[in-house]
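Enquirer: Below are the sequence and a predicted model for it; my questions follow.
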Amino acid sequence: QSALTQPPSASGSPGQSVTISCTGTSSDVGGYNYVSWYQQHPGKAPKLMIYDDSKRPSGVPDRFSGSKSGNTASLTVSGLQAEDESDYYCSSSSGSIIVFGTGTRVTVL
Amino acid sequence: QVQLVESGGGVVQPGKSLRLSCAASGFIFTNHGMHWVRQAPGKGLEWVATIWYDGSHKYYADSVKGRFTISRDNSKNTLYLQMNSLRAEDTAAYYCARGRRYCSGGGCYSWYFDFWGQGTLVTVSS
């Protein structure tokens, strides 16, 4: 049950785009499994941002988008805003086991 | 509106037990698998356990298998986590989360968590 690999940090200026990667294996991300993404502000509960690789829940701005290729999934935040500064986690499955990514802190410069 | 409210956290000595509860409202509880996810102070998210909508299937992370038990009372719309033989490394905020997943052709894909509780803090310390 190894965690999915994410870069510890990413940053961008307001209005720019930032992309976070989430790397797993053929048993989780690369298999017949979907990836979801969560945003977590300090001291708060996580919030679902992307599910089934690229779908956005109602209420999530379309600045957030997800994609997947092989064993790596990505979350892109376009048109960065100050409120996007947060921690982001990916998640997938390997059989009945659920795994999270190591987390990425996004800083808006 | 969907609400998940955890309770039962606190300070407990190593080796002791604690039971967490998660009261659900605002949705049909029996339509959803439910999950516990924890987060140690300053660390990332860690999946703990999953229970199917009817309680028929339960799954655990290796780190808690044999010590923790997930259960649910559908008549009370409540999810539980019984934690035994607690260790210092179990210190974390524990979140309950509602699960959803796409199912097709007799198979189901990865869970995702569309609603989360506010979390309850468990501290294991002597």
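Expert: On my side now, so go ahead.
Enquirer: Against residue A:32, how distant is the residue of chain B most remote from its centre?
Expert: Taking C-alpha atoms, centre = their mean as the measure, the residue most remote from the mean C-alpha position of chain B is residue B:105, 28.2 Å away. Distance of residue B:105 to residue A:32, given as C-beta to C-beta, to the nearest Å: 11 Å. All C-beta spots, glycine's among them, are computed from the backbone N, C-alpha and C.
Enquirer: Nearest residue to the middle of chain B?
Expert: Centroid-nearest residue in chain B, with C-alpha atoms, centre = their mean: residue B:36, separated by 2.0 Å.
Enquirer: how close does that residue get to residue A:98?
Expert: Per C-beta to C-beta, residue B:36 is found 11 Å from residue A:98.
Enquirer: quick one: common contacting residues for those two?
Expert: Counting by C-beta atoms under 8 Å, 6 or more residues apart in numbering or on different chains, the contacts common to residue B:36 and residue A:98 are residue B:47.
Enquirer: and the nearest residue to residue B:62 once chain neighbours are set aside, how many neighbours does it have?
Expert: Nearest in space to residue B:62, with sequence neighbours left out and distances taken as C-beta to C-beta, 6 or more residues apart in numbering or on different chains, is residue A:1 at 5.6 Å. Residue A:1 has 12 neighbours, counted by other C-beta atoms under 10 Å in any protein chain shown.
Enquirer: now the one 10 residues further on
Expert: Counted with other C-beta under 10 Å, the neighbours of residue A:11 add up to 13.
Enquirer: so which strand or helix has it?
Expert: strand A:9-12 (DSSP states H and E).
Enquirer: Indicate each strand paired with that strand and its parallel or antiparallel sense.
Expert: Here strand A:9-12 has these sheet partners by DSSP bridges: strand A:104-108 (parallel).
Enquirer: Mind listing what's buried along the strand it pairs with?
Expert: A:104, A:105, A:106, A:108 (16 or more other C-beta atoms under 10 Å in any protein chain shown).
Enquirer: With pLDDT added, can I get those residues in CSV?
Expert: Formatted as CSV, those follow (pLDDT from 0 to 100):
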residue, pLDDT
A:104, 98
A:105, 98
A:106, 98
A:108, 96
